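Engineer: structure for the following, please:
(one chain, ligands or ions: 1)
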Amino acid sequence: REKTGANGIRLTMESALTARDRVGVQDFVLLENFTSEAAFIENLRKRFKENLIYTYIGSVLVSVNPYKELEIYSKQNMERYRGVSFYEVSPHLYAIADNSYRSLRTERKDQCILISGESGAGKTEATKKILQYYAVTCPASQQVETVKDRLLQSNPVLEAFGNAKTLRNDNSSRFGKYMDVQFDYRGAPVGGHILNYLLEKSRVVHQNHGERNFHIFYQLLEGGEEDLLRRLGLEKNPQQYHYLVKVYQIVSINDKNDWKIVRRALSIISFKDNEDLLSIVASVLHLGNVQFAADEQGNAQVTTENQIKYLARLLAVEGSVLRDALIHKKIIAKGEELISPLNLEQAAYARDALAKAIYGRTFSWLVNKVNKSLAYEVNEPFVCCTTVLGLLDIYGFEVFQHNSFEQFCINYCNEKLQQLFIELTLKSEQEEYESEGIAWEPVQYFNNKIICDLVEEKFKGIISILDEELFTQHKLADQKTRKSLGREEFRLLHYAGEVTYSVAGFLDKNNDLLFRNLKEVSVDGACSNAAQRGVGFKTGGATQFKNSLSKLMEILMSKEPSYIRCMKPNDAKQADRFDEVLIRHQVKYLGLMENLRVRRAGFAYRRKYEVFLQRYKSLCPETWPTWDGRPHDGVAVLVKHLGYKQEEYKMGRTKIFIRFPKTLFATEDALEVRKQSLGDAFNCCSVLLLAIAIQSWWRGTLGRRKAAKRKWAVETIRRFIKGFIYRNHPRCPENEYFLDYIRFSFLMNLKRNLPKNVLDKSWPTPPPSLCEASQLLRQLCMQNMVWTYCKRISPEWKQQLEQKVIASEIFKGKKDNYPQSVPRLFINTRNEEINAKVLQALDNEAIKYAVPVVKYDRKGYKARARQLLLTQNAAIIIEESKIKQRIDYGNLTGISVSSLSDNLFVLHVHCEDNKQKVPGLIHHFPTASRKGCKAQRAEDAAGLGGQTWCHGCN
Ligand SMILES: Nc1ncnc2c1ncn2[C@@H]1O[C@H](COP(=O)(O)OP(=O)(O)OP(=O)(O)O)[C@@H](O)[C@H]1O
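Structural biologist: Numbering: from 1, shown residues only. I've put the predicted structure just below:
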């Protein structure tokens, strides 16, 4: 048994092989008889019975709707698939989702997942589950949470307006959907965009027996608040509305509840104008109730004035204009406008056409609105940094008893997708062979280009002809075909088989006919506020579809595709029922046998050497328990030992390619036997096995560490690049890592290159974001250096400097030999010497300058520096705390110093008036020597005669 049944997530493809008889193979490429449809279906059946609903064809996932809840979609299971290699786990949607996501992140290449299948096969469920997988496993942030929410909530809204109960599916999407999810550089979903295709508008006015109109109508009536319904002029009972008369109570649908979900979803995707939208929905219901009666001339007249009143209000059009438009048509013939009345049938047609048009445009408008709310808002040109993953949920090939325009479009779309699939599968196969250095062997396949051309070719293609007029295919058919082909039919030989189309109604549907005056009314009206805005009325449905399809093909071609092929097991929507006929039909229409043939054209199985060797190494004594050489060589030794024949396998650059499943099965069976014997040996060699287990655990741990380190490195580089781009922005989550890094590097650089001393003006250039901080640091650094310097300074040196400062103030720029004198130290061991030098200097300059004989006492008396300034008018101003004297230069006759260490010097001034105290001087300091300072001593010291005056002693 597969150990965990439906939850057997952790089983590798190979480990499930042992149970293949019971649960089939996980990959159809391992079917021995790969061309047999019966073998294919039998494999599906076996697996379905075991609740194994997923199977691969190479990298294509085939899914069979279980119609019951399986416990395989839990968060825990999501985690199991996260970041795990495709073949290491059993087939699952999550493996496809994860694989695409990882390619998107590692290769930075856009991806798309194409989900196809017929109605009820599980496409929409698969799409939702993939979105949920990304919502759970991708990185999150506040902004990302909003986007995730909106992405998820867009579903109920679009389902309400675009889904309906059909015979085949209670929640059938009546439109094709392509959704792009944008991921940012961290791999977080940051935006999305939806393209819609071919909404089945005819459902608005007509539903088949057992089917319903679009869900929103019932939800509004069932769940809408009294107040709201009154404003919209609606009654709770759906039976009141012609477009809804075929109401069925369906167990699986709870309209009241769904209404709440839709309202909530609308508010999450920021719909403020709900009421506008609901007015339009209501107007469609009122329109359906507009009735006509024929007058005497057989012309239609409106009989339900009440409806016109509501419609006029809801659509904001003139009631009379609307009434006239519903019962007349405007024709332009030879440039002239002609108004002609409509008969009953025509008026009913016009009314229904208007209802369909309004609903169709509303739907397009809604998709536009959803897109606006999902748009990735970038404040700068950073869009290029997002990668995109597209999800295409599109109807599969359809063949009914009666196939009309809709089937023609749907099947044409599938034909194109099949063409794309074959091209891309072949291309990727070819590329893998090339990169592995293995010769490519051409594959025969059904090239459906001819069918696509037949449909879409310019001028000659069916679509071109449709746009021109109806064509006669019948004439071209041979005798035998004519018998089986009605007059109004043509037949196409699609890749999935023949389909006969009835052309009745083709042209009308293609033209999407809406009378001109009705277009005018609806464009002028309120629906222009909502539904009509930005959406023009065009004709040529098939051409439009062809164009949008060719755009879709372009989108898909630019991405790396993955495929999910959905199937339904029975028409009764029942669990555990596998209807073989229905399945065969789908296998055919999904082109699965062709898929398998292309995939199996060369080799059934391929694996990296490391993986293959790890699994089968116990089968060869030389590779067991460990192989020390290159894995490639190990595998070569192993397959030689196993006796593989030349035609059975090829050795590529990194992988072994095995042509036939039976070769792999034989190897797998041998492994089973070996495990048995190893199991027996275990009792004896448990220590050895333990050692091996530890070894493999350790290898695993190392591997994991390495992987984690690599992951970290990639993350860091990404953050760095993003930060670089945002580097000039204020600090934000995008740049904080980068800015921290820059700050750290700058500080480290600064630490290594700080200025060496106060004269060193070097400073590393800061990054722009740190200019201010750098400036402050620089000031602090300078202050610190100055402070340290000052602290270390000796009193003598301090004295020197002070004197130098004063000398500078006095002599700098005034005395030619000043610059040379700067480095020379003052000799201040003795005052006399200083003073002598000063005197000498003064003598030389003929007392032109002031004298810096300022001395401070040794005990640190904080004498203020005296300023002796020789001003322009040749006066010396002496300032001290108590005295302020002015001595005219003209009066200065000499200068002398005391021979004692009393810090005195004397300026000799000429004074006519002896009694006059001025000018005399000068200079005293309250030092010890001052005690002995007497006028006499000063006199003596003066020696030079003339007036002296010692202020300190006076
Ligand atoms: N994986 C699944 N597990 C359980 N039930 C499923 C699963 N997939 C589909 N179903 C059931 O099948 C129903 C139909 O599925 P879904 O609506 O996805 O089909 P579809 O292919 O999108 O059909 P349509 O083309 O009509 O929209 C779902 O409502 C659900 O009940």
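Engineer: got the residue ranges for the helices in the stretch 301-450 of the chain?
Structural biologist: 305-315, 319-327, 344-374, 405-436, 449-456 (DSSP state H, counting those that start in this stretch).
Engineer: and this protein, which of its residues are near the ligand?
Structural biologist: Listed as neighbours of the ligand in the chain under the rule C-beta under 6 Å from any ligand atom: 65-67, 69-70, 117, 119-125, 169, 171-173, 395, 566. Using the backbone N, CA and C atoms, a C-beta is placed for each residue, glycine as well.
Engineer: swap the cut-off to 5 Å and go again
Structural biologist: When proximity is defined as C-beta under 5 Å from any ligand atom, the chain approaches the ligand at 65, 119-125, 169, 171-173.
Engineer: who wins on neighbours among these?
Structural biologist: Ranked by the number of neighbours (other C-beta atoms under 10 Å), these place residue 123 first, at 29 neighbours.
Engineer: how about the contacts made by whichever residue of the stretch 801-950 of the chain sits closest to the ligand?
Structural biologist: Residue of the stretch 801-950 of the chain nearest the ligand, by C-beta to the nearest ligand atom: residue 801 (89.2 Å). Contact analysis of residue 801 by C-beta atoms under 8 Å, 6 or more residues apart in numbering lists residue 793.
Engineer: tell me the buried residues in the strand or helix carrying it?
Structural biologist: Residue 801 is part of helix 795-811 when elements are defined by DSSP states H and E. For helix 795-811, a neighbour-count test (16 or more other C-beta atoms under 10 Å) marks 799-800, 803-804, 806-807, 810-811 as buried.
Engineer: in a strand, residue 500, correct?
Structural biologist: Yes - applying DSSP: H, G, I helix; E, B strand; the rest coil, one finds residue 500 inside a strand.
Engineer: so what's it closest to, chain neighbours aside?
Structural biologist: residue 491 (4.7 Å; C-beta to C-beta, 6 or more residues apart in numbering).
Engineer: what kind of secondary structure is that neighbour in?
Structural biologist: Going by three-state DSSP: residue 491 is strand.
Engineer: same question for residue 650.
Structural biologist: strand.
Engineer: for the residue lying closest to residue 726 once chain neighbours are set aside, which residues are in contact?
Structural biologist: Distances taken as C-beta to C-beta, 6+ apart place residue 735 nearest to residue 726, at 3.9 Å, with adjacent residues excluded. Neighbour list for residue 735: 722-723, 726-727, 729 [criterion: C-beta under 8 Å, 6+ apart].
Engineer: closest to residue 59 among these?
Structural biologist: Using C-beta to C-beta, residue 722 comes nearest to residue 59 of these, at 31.6 Å.
Engineer: please report how far the residue nearest to residue 726 lies from residue 459.
Structural biologist: 57 Å (C-beta to C-beta, to the nearest Å).
Engineer: what about the stretch 151-300 of the chain, any weak spots by pLDDT?
Structural biologist: Applying pLDDT under 70 to the stretch 151-300 of the chain flags the ranges 246-248, 270-273.
Engineer: cutoff 90 now
Structural biologist: For the stretch 151-300 of the chain, the stretches with pLDDT under 90 are 151-153, 166-168, 184-191, 197-202, 208-210, 237, 245-252, 266-277.
Engineer: now the stretch 401-550 of the chain
Structural biologist: By pLDDT under 90, the weakly predicted segments of the stretch 401-550 of the chain are 401-435, 438-550.
Engineer: residue of it with the smallest distance to the ligand?
Structural biologist: residue 410 (10.2 Å).
Engineer: count of residues packed around that residue?
Structural biologist: 21.
Engineer: mind checking pLDDT for the residue nearest to residue 726?
Structural biologist: As predicted, residue 735 sits at a pLDDT of 83.
Engineer: other SSEs contacting the strand or helix carrying residue 771?
Structural biologist: Element membership of residue 771, judged by DSSP H and E, is helix 771-792. When contacts are defined as 3 or more C-beta pairs under 8 Å, 6 or more residues apart in numbering; DSSP states H and E, helix 771-792 sits against helix 736-752.
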